[in-house]
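Undergrad: Curious how this folds, go ahead:
(chains A and B)
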Amino acid sequence: MKSDSMMRPIQIFVEGDSDSQLIRQVVCHWFCYSLKKEELKKTDGWTTIQSNSENGEVIRQQMRFNSDNNGVNLIIFDADKDLEQRKLDILQWKSNCDLDFELFLFPNNQNNGAVEDLLIRCINPKNQPIVDCWESYVTCLKTKSIEGRNWPLTIPARKSEVYCYLETLLGETDREKKLIKDKNRNFLNTDHWDVDCPAIQPLKDFLQPYFE
Amino acid sequence: MRNIKNIQIWNFRGIDTLEISDCNKINVLIGKNNVGKSSILESIFLTSGMSNSELPLKINLLRDINPQSLSNLKYLFYNMDTQLHPSVKLVFSNDYERGLTLSPLTQTISDLAVSAKTVNSGTLQSMIGLLLDFYEIYPGKVREQYQSKLDFLANGAIVPSNDNQYFEEIYATYLHSDNSKTNYIEAVSKIVKEKNSDKLIALISKFDSDIESFNLLPDGLYLGKKGFDKLMLSNVAGDGMRKFIAIIANTIAYQNSIVLIDEIENGIHYSSYPILWETLFESVQKSENQLFITTHSWEELVALQKVLQAREEFQNDVAVYMIKKTALRGFQSYRLGYEGLRDALNNDNEIR
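TA: Just a heads-up that it's a prediction; the model follows:
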C-alpha cells in the first residue's frame, strides 16, 4: 500500500462513469489506495476531445498543472475499432500539445475494443451461461431480416450486453435497478465480477508502478 | 480599445514570478486560498496607476496594513525582502506596453557608529521610502522612462512625489472582497451627472425588483423602495445589494476602464449570480471595459457557465485562469475558455 505522502501526484483521465467506477474500485482493491476526486477525471472520451475546437483544453491544462507539480498523468481510454490508429492520434495530440502522460487503451492495450469488452471477460465464470445466451442472441440476430429495414440488423453494443448481464443478476426493485447504471456498479461484488482474472492483468500491470 | 493581453509579475507580495497570457474582456481568476489571486488584482491596479506613488499605501491599507509605517512597505516585496524588487509588466492588445518596478528609496548614512559590523563599504543604506520606476512603450515608439517616489520624512510626514512628465490614460477601479470597503458613491455620482440614472436603476431592479429609484444626496446614496414612504440610505441595505450596486455602478460608469473585483461572490446570494454575470457581460460589450474577477465559488462558476451557454454572444469574451503554485515551476496560470469551463463543470472536475 502506498501512502499519500510517498506518491507522486497522480491524475487518471478516463472516458465516463463506467470506467471511472472500475478504475476507482480496482485501484482500491489491488493497491489499497482510495483515489480522490481530483485524481480521477472524466473526460467524455477521445471523440469529444477531438470534436471541441479548444481540443481538450481543460484536460491539457490539468495535465500541465500536474506535470508542473512533478505529477504523473495517465490516460485510460477505449481503443475502439482501431487500436493502432487511436494510439497514433492520441500520441500525435500529446506531441502537438507538448503534454506528458502514459496511455492505456481498453480492453488490454493490445486489441481493438472498449471497457465493456474487458468487463465481459471479467465476469464470475459461474455466470458464463448468461453471456453465452447473449452470444446466441447476437448470432441469431445476424440471420434475421425484417421487411422495410436494412440487412443485417444493428447488433446491440457491448454496453447493452453488460447492462443485460447485470440486469439478469440483479433483482427488479428500484434500488437494484439503480445498481446496473454505470456510476453505481460494484465491480468488487465477487458474485458478479472477478477483478483478479487474467484478462484484467494488463491494466493492473499498467497501473502498478504508480501505486508502489 | 486596448485591453490587457499579457501580465507578468515578479517579486510582488507572495508571488515570485507569474505570467498570465491571452487575457479576455472578462477574466476570472480561480485558485486555492493564499495562491495570490488578490495580489494579481493589486499588481494590475498598481500598474494601471503606476505614476501614483500613493497607490502602494492604498493597497496596503485595503489589507489593513498601516500605511503610516515605513517598515510596512516591505509587505509589497516578495518574502518581505527589499532586495527583491516587485515588478509588473502589462502588454496590451495593440502592443502598447507598460511596466512598473518598486524599489526602496534609500539614503546613505555614516556607518561610524556601526563600523565594526560593516565590511569595506564604509557606508550603510537606510530605507526612507519607495521608488516607483515605470515606463511605457507605444507601438513603434521608443521606451519612455519615468520615476515617482514616496518619501517618509523623519518627522513622520509622508511626501508623495509623482512624475509630472507622465499623464495617466488608464482608469482602474479595485473592488475589495470586504464589502464595507467597496466604494460606489463616486461611480454613482458620475452616472447621475451623465444622465444614466435610468440605466443603473434598470440594472439594480433586476437584483431587487422592489427598488424603483435612487437619489444621490450629500450624505450618501438613498434607495426608493416600493411600499416605503421614505428613502432608505443604501448603507442600510444588505451586503449583497451594496456589493451589487458597487460592481454594476463601477462597471457602467466608466468607458475603457479596468475593473478589478475581488471575491465577487461575497455577500451575494447564489440565485443572483446569473443576473450579475449577464449584467457584466452586457456592460463590457457596451462600455469596452475589461474585468478581472476572483472567486472561490463553485456556484459562481456554474452560474457563469449557464449564462455563457444561454448567451452564445458572450462565449468569446471570457477567460478563466486556474492559479496554482506548483512544485517544479512555481506559480503558474492555466487558462480555460468557455469550452474548457463547460467541460470541467460537466465532468465535475475540481478546477478551483
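Undergrad: now B:Thr108, what's its secondary structure?
TA: strand (DSSP: H, G, I helix; E, B strand; the rest coil).
Undergrad: Look at it and report its pLDDT.
TA: Note on B:Thr108: pLDDT of 79.
Undergrad: cool, B:Ser177 as well?
TA: On pLDDT, B:Ser177 comes in at 83.
Undergrad: what does the stretch 51-200 of chain B put close to chain A?
TA: Neighbours of chain A within the stretch 51-200 of chain B, by C-beta under 8 Å from any C-beta of the partner chain: none found. The C-beta positions use only the backbone N, C-alpha and C, and glycine is treated the same way.
Undergrad: For B:Lys206, give its distance to B:Lys225.
TA: Relative to B:Lys225, B:Lys206 is positioned 15 Å away (criterion: C-beta to C-beta, to the nearest Å).
Undergrad: just checking, what packs against the lengthiest strand in chain A?
TA: Longest strand in chain A by number of residues, with DSSP state E as the criterion: strand A:72-78. Contacts defined by 3 or more C-beta pairs under 8 Å, 6 or more residues apart in numbering or on different chains; DSSP states H and E place strand A:72-78 against strand A:10-14, helix A:57-68, helix A:83-96, strand A:102-106, helix A:201-211.
Undergrad: and the second one, anywhere near chain B?
TA: Yes. Where contact is defined by C-beta under 8 Å from any C-beta, part of helix A:57-68 touches chain B, namely A:57-59, A:61-62, A:64-65, A:67-68.
Undergrad: Would you indicate which residues of stretch A:43-60 are buried?
TA: For stretch A:43-60, burial by neighbour count (16 or more other C-beta atoms under 10 Å in any protein chain shown) applies to A:43-46, A:49, A:52, A:54, A:56-60.
Undergrad: now, which of those sits nearest B:Lys286?
TA: Distance to B:Lys286 across the buried residues of stretch A:43-60 (C-beta to C-beta) is lowest for A:Glu54, with 26.9 Å.
Undergrad: Near chain B, which residues of chain A? Just list them.
TA: A:37-38, A:41-44, A:48, A:52-54, A:56-59, A:61-62, A:64-65, A:67-70.
Undergrad: ok but B:Asn235 is inside a strand, no?
TA: No. In this structure, B:Asn235 is helix, not part of a strand, as judged by three-state DSSP.
Undergrad: How many residues are close by it?
TA: Number of residues near B:Asn235 (other C-beta atoms under 10 Å in any protein chain shown) recorded here: 11.
Undergrad: Quick check: closest non-adjacent residue to it.
TA: Computed as C-beta to C-beta, 6 or more residues apart in numbering or on different chains, the closest residue to B:Asn235 that is not its neighbour in sequence is B:Gly220, at 6.3 Å.
Undergrad: Might one say that that neighbour is in contact with B:Met232?
TA: No. Taking contacts as C-beta atoms under 8 Å, B:Gly220 lies outside contact range of B:Met232: 10.5 Å.
Undergrad: quick one: common contacting residues for the two?
TA: Counting by C-beta atoms under 8 Å, 6 or more residues apart in numbering or on different chains, no residue touches both B:Gly220 and B:Met232.
Undergrad: then the helix or strand of chain A with the lowest mean pLDDT to PDB, C-alphas only?
TA: Using mean pLDDT, DSSP states H and E, the weakest-scoring helix or strand in chain A turns out to be helix A:46-51, at a mean of 78. The C-alpha trace of helix A:46-51 is given here as PDB (Å, rounded to 0.1, in the frame of the first residue of the first chain):
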ATOM      1  CA  TRP A  46     -11.300  11.000 -27.200                       C
ATOM      2  CA  THR A  47     -14.000  11.700 -29.700                       C
ATOM      3  CA  THR A  48     -15.300  14.500 -27.600                       C
ATOM      4  CA  ILE A  49     -11.900  15.900 -27.000                       C
ATOM      5  CA  GLN A  50     -11.300  15.900 -30.700                       C
ATOM      6  CA  SER A  51     -14.600  17.500 -31.600                       C
END
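Undergrad: for the helix or strand that B:Leu276 is a member of, packing partners?
TA: Element membership for B:Leu276, per DSSP states H and E: helix B:273-287. Applying 3+ C-beta pairs under 8 Å, 6+ apart, we find helix B:273-287 packed against strand B:26-30, helix B:197-207, helix B:239-253, strand B:290-295, helix B:298-310.
Undergrad: tally of neighbours for B:Glu54?
TA: 15.
Undergrad: Quick check: chain neighbours aside, which residue is closest to it?
TA: Counting by C-beta to C-beta, 6+ apart, B:Glu54 lies nearest to B:Pro160, which is 4.9 Å off, once chain neighbours are set aside.
Undergrad: what about chain A, any weak spots by pLDDT?
TA: Chain A contains residues with pLDDT under 70 at A:1-6, A:51-55.
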